[in-house]
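Q: just coords:
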């Protein structure tokens, strides 16, 4: 039985969205498959309104593996850089799916954004996406991004948040260079899917726990590896020495509890953390801004977090 919408969602538009999902949830991801999911996502991206105009947008090839990336610069002056890792259950998502989100991020935080088109499962299972993410951060830190200077922040939403957290852990363990900060939006941190919200919010709110499970199966086919700290950062023994963090979760999200738990563990390890759970919000709010004013406002709060951390030089 669906959990009732007795506590209002963040706005009427999200309430209508959730009601529509409950009336017609559509087939699960495992029944559709990665190829068709990507095709449908491309079609949605084509009709999405464009994001803010940028002073400069350039498609690049980054890192030793030569993965694609897109650089957004909101102004002509040099400034800090956000390396952005998109969500999509490690299987979908690309430069186009998050183009509007990256433009909004660059505009709202007044900083350059490098969106990374890392390799995806099932064609490229773990650790390919982590390798590409770390490689892109190292490439950017080596000073190869024209028009940027100063600190580098790594940011990701959903499975991209998982990659951002894993990249920070690997860079810490391998001697850097560490990002100045990490920004994790409704991140996957536990691929065992054992936190309570994966049950209490399993269906009827947009993203389903079964869809997440399917994505985890594509990315990490061996179930015995899904509790490995190199896959699930919540299972890391030591989170000390990681960059300052912003962790934002959503109330009505199967990933809520694992994101909240990761923020608590970072704080317990003396990592500076700014953490909030967005009340009345659902998973994926960064890309729901055209649907919901409340989702757009939640994104703006994240952009303000980035601006504030950079203004404090994220020390």
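A: Yep, that arrived. Everything quoted here is computed from the prediction, not taken from an experiment.
Q: Distance-wise, check residue 46 relative to residue 309.
A: Residue 46 sits at a distance of 34 Å from residue 309 (criterion: CB to CB, to the nearest Å). C-beta coordinates here come from the backbone N, C-alpha and C atoms, glycine included.
Q: Which one of those two is surrounded by more residues?
A: Set side by side, residue 46 and residue 309 show more neighbours around residue 309, with 25 against 8, by other CB atoms under 10 Å.
Q: which residues in the stretch 201-315 of the chain form strands?
A: Applying DSSP state E, counting those that start in this stretch to the stretch 201-315 of the chain gives strands spanning 245-252, 273-282.
Q: for residue 80, what are its contacts?
A: By CB atoms under 8 Å, 6 or more residues apart in numbering, the contact set of residue 80 is 111, 112, 148, 149, 150, 151, 152, 153, 180, 310.
Q: part of a helix, is residue 187?
A: No: according to DSSP: H, G, I helix; E, B strand; the rest coil, residue 187 belongs to no helix; its state is coil.
Q: My guess is it contacts residue 158. True?
A: Yes: using CB atoms under 8 Å, residue 187 is in contact with residue 158, at 6.8 Å.
Q: tell me, what's touching those two both at once?
A: residue 255.
Q: Contacts for stretch 30-45, please.
A: Residues outside stretch 30-45 that contact it (CB under 8 Å, 6+ apart) are 29, 88, 91-94, 96-97, 99, 120-122, 210-211, 214, 218.
Q: likewise stretch 194-207?
A: Under the contact criterion CB under 8 Å, 6+ apart, stretch 194-207 has outside partners 2-3, 17-18, 21-22, 25, 158, 208-210, 212, 252-258, 261, 282-284.
Q: Flag the shaky bits of this protein, pLDDT-wise.
A: Within the chain, the stretches with pLDDT under 70 are 1-7, 312-315.
Q: show me where it has helices.
A: Per DSSP state H, the chain carries helices over the ranges 12-23, 29-32, 34-47, 99-109, 128-141, 159-173, 197-200, 209-219, 256-268, 293-311.
Q: Comparing the ones you listed, which comes out most buried?
A: Mean neighbour count (mean count of other CB atoms under 10 Å) peaks for helix 159-173 among the helices of the chain, with a mean of 25.
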